[in-house]
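Enquirer: just the structure for this:
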Amino acid sequence: MRRHPGRNPYLARLRLSRLSLLSRKNYAALSQTLCATGVLILYAETFSCRSYYKFEFFGPVPTFLMMVLITVTAFLLAVRLNALVVAILGTLGGFLTPMLLTTGQDNLPGLFGYIAILDTGLILVALHRRWFFLAALAAIGTAIMQIGWAGKFFVSGKYFEGDKILLPLGMLLAFNGLYLAARWWAKTRKPADGEGPMRVEKTALDIKIWIFGSTIGLAAVALAFTLWFLNFQSLAQRPWLLFGFVLLIDLVALALVLADKTMAVVQPIAGLLIFGLLGFWTQQWLTNELLNAALAFYFIFAVLHSALPAFLQRRRDGTVQAGAIHIFPLLALVLCQFGDGVPRLSQMHIGGRAIGHVRDFAVEADQKAHAAGHAFASHPHSVSVGDFAIRVGQQREIEGVF
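Expert: Numbers count the residues shown, from 1 in each chain. Coordinates of the predicted model:
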């Protein structure tokens, strides 16, 4: 009698995994190889039962749950056996599961709820075993899933209409928050017993490269999505929503800078990217009806990215990006001159007041920089961007603009 092809393979793979556990003390390399092979074959068997043999039991939900179980088991085995290859196979299998078992139907909460759980598990494994690059692999897989979902379902699902946009915005923000929490958790963990100073230093460097870098990467992906969203007229006409979202992403980046002073360069880069988004939106979509939102965000981002460098300089007595103190008030002034079909903002009362406030802040930032004795600010032959912004404001006062 022919044996059922959907049962014995599973039993064989489970026996293979059990054998690897029994032999882990005397044959560590063999044990890890057998375990990795068992995990890989379990993924293949589950997929073939669904797609090739088409067994009735292996519907979408049972197959998905089976692959989730295999992924969780792989992570547990990786931690138990200290088997990095098993963790990598579990990562690949975890991200391939929704792609291999796709039904072709949109389910954003279900898909990214699963990805969030997978990322959390990978971060826990990475922190426990100090395989920090697993967090970066998870971030890359998450970004690929986000881009793939958007390319297939965003337009067809009409997420640019009404409040449906809140789902993708919330999803992007949630993953940024998850990795920000991972960065905080990694920083607060105490070194293991017996770790020497060099080991502790290497761990700190790995956290900075892999977890910090992953958080910055997901923030950049979120800003790239915002640029894409601004190409939809229905979304571009909702600046309070989109740039409010950008502000939250910006706060994630600024929180990372506050947590690690050596990453201060992230702050001006983030500011330039955000003002690039503002410039694109201003040139393409700004109207009189959207003027208040435009001026509000010009002012908020200029103040935010000019105040933080001065704050860091006073708090830490360290080197900051001097240009960041000066450039963002100027960018706010420049944006106030853009906008097709909109009167020059400097000729409007509210626009004049906004420019005046930004100008005043530039004065204050300049004074702080000079008082701190920063080399750039105190150089006798340098003319700072902040000084230029002040002179522009004074010239407009002479012209009677405000």
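Enquirer: how about the strands in the stretch 201-350 of the chain?
Expert: Here the stretch 201-350 of the chain has no strands by DSSP state E, counting those that start in this stretch.
Enquirer: now do stretch 222-231: distance to the chain's middle.
Expert: In terms of CA atoms, centre = their mean, to the nearest Å, the centre of stretch 222-231 is found 13 Å from the chain centre.
Enquirer: can you list the buried residues in that stretch?
Expert: Of the residues in stretch 222-231, 222-223, 225-226, 229-230 count as buried by neighbour count, 16 or more other CB atoms under 10 Å. Every residue, glycine included, has its C-beta placed from N, CA and C.
Enquirer: cool, stretch 43-50 as well?
Expert: Going by neighbour count (16+ other CB under 10 Å), the buried part of stretch 43-50 is 43, 45-50.
Enquirer: one step back: for the buried residues of stretch 222-231, give me a markdown table that also has distance to Asp260 and pLDDT.
Expert: Converted to a markdown table, these look like this (distance: CB to CB, whole Å; pLDDT from 0 to 100):
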| residue | distance to Asp260 | pLDDT |
| --- | --- | --- |
| Ala222 | 20 | 97 |
| Leu223 | 20 | 97 |
| Phe225 | 25 | 98 |
| Thr226 | 25 | 97 |
| Phe229 | 30 | 97 |
| Leu230 | 31 | 96 |
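Enquirer: now, those residues that are in helices?
Expert: Here DSSP state H is the test, and those give 222-223, 225-226, 229 as lying in helices.
Enquirer: ok, those vs Phe64, which is closest?
Expert: Minimum distance to Phe64 across these is 26.3 Å, recorded for Phe225 (CB to CB).
Enquirer: what about the nearest residue to that closest one once chain neighbours are set aside, which helix or strand?
Expert: In space, and not counting its chain neighbours, Phe225 is closest to Leu172: 6.0 Å by CB to CB, 6 or more residues apart in numbering. Using DSSP states H and E, Leu172 sits within helix 166-188.
Enquirer: next, count neighbours for Leu92.
Expert: 16 (other CB atoms under 10 Å).
Enquirer: next structured bit after the helix or strand encompassing it?
Expert: Using DSSP H and E, Leu92 sits within helix 84-100. Where DSSP H and E defines the elements, the next helix or strand beyond helix 84-100 is helix 108-129.
Enquirer: buried sites along the next helix or strand after that following helix?
Expert: Using DSSP H and E, the helix or strand that follows helix 108-129 in sequence is helix 133-149. Along helix 133-149, these residues count as buried under the neighbour rule (16+ other CB under 10 Å): 133-139, 141-143, 145-146, 149.
Enquirer: tell me which element Ala36 is part of?
Expert: Using DSSP H and E, Ala36 maps to helix 28-51.
Enquirer: what pLDDT does Glu364 get?
Expert: We have a pLDDT of 59 for Glu364.
Enquirer: still on that earlier bit, reformat the ones in helices among the buried residues of stretch 222-231 as a markdown table; add distance to Glu161.
Expert: Shown next, in a markdown table, are these (distance: CB to CB, whole Å):
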| residue | distance to Glu161 |
| --- | --- |
| Ala222 | 21 |
| Leu223 | 22 |
| Phe225 | 17 |
| Thr226 | 17 |
| Phe229 | 12 |
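Enquirer: related to what we said a few turns ago, now render the buried residues of stretch 222-231 as a markdown table, adding distance to Ser156.
Expert: Listed next are the buried residues of stretch 222-231 as a markdown table, based on distance: CB to CB, whole Å:
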| residue | distance to Ser156 |
| --- | --- |
| Ala222 | 22 |
| Leu223 | 24 |
| Phe225 | 17 |
| Thr226 | 20 |
| Phe229 | 16 |
| Leu230 | 20 |
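Enquirer: nearest to Pro168 among those?
Expert: When the buried residues of stretch 222-231 are ranked by distance to Pro168 (CB to CB), Phe225 comes first, at 7.4 Å.
Enquirer: so that closest one touches Ala150, yeah?
Expert: Yes: assessed by CB atoms under 8 Å, Phe225 is found in contact with Ala150 at 7.1 Å.
Enquirer: what touches both of those two?
Expert: With contacts defined as CB atoms under 8 Å, 6 or more residues apart in numbering, the residues adjacent to both Phe225 and Ala150 are Pro168.
Enquirer: residues contacting Lys152?
Expert: By CB under 8 Å, 6+ apart, the contact set of Lys152 is Asp106.
Enquirer: from Leu111, how far off is it?
Expert: Lys152 sits 11 Å away from Leu111, taking CB to CB, to the nearest Å as the criterion.
Enquirer: now do Gly38
Expert: Taking CB to CB as the measure, Gly38 falls 27 Å from Leu111.
Enquirer: looking at these two, which one has more neighbours?
Expert: Using other CB under 10 Å as the criterion, Gly38 and Leu111 rank with Gly38 on top: 25 against 18.
Enquirer: was I right about Thr142 contacting Ile117?
Expert: No: counting by CB under 8 Å, Thr142 does not reach Ile117; the two are 11.7 Å apart.
Enquirer: so Arg129 makes contact with Ala78?
Expert: Yes: in this structure Arg129 lies within contact range of Ala78 using CB under 8 Å: 7.4 Å.
Enquirer: what do the two both touch?
Expert: Residues touching both Arg129 and Ala78 (CB under 8 Å, 6+ apart) are 84, 87.
Enquirer: more neighbours, those two?
Expert: Comparing Arg129 with Ala78 by other CB under 10 Å, the one with more neighbours is Ala78, at 27 against 15.
Enquirer: need phi/psi at that one.
Expert: In terms of degrees, to the nearest 10, the main-chain angles of Ala78 are phi -60, psi -40.
Enquirer: for the spatially closest residue to it that is not a sequence neighbour, grab the count of nearby residues.
Expert: For Ala78, ignoring the flanking residues on the chain, the nearest one in space by CB to CB, 6+ apart is Ala87 at 3.7 Å. Ala87 is flanked by 26 other residues according to other CB under 10 Å.
Enquirer: which residues does Ala87 contact?
Expert: Residues near Ala87 by CB under 8 Å, 6+ apart: 74-75, 78-79, 122, 125, 129, 131, 134.
Enquirer: my read: Val122 touches Phe132, true?
Expert: Small correction: residue 122 is Leu, not Val. No: contact criterion CB under 8 Å: Leu122 and Phe132 do not qualify, at 10.5 Å.
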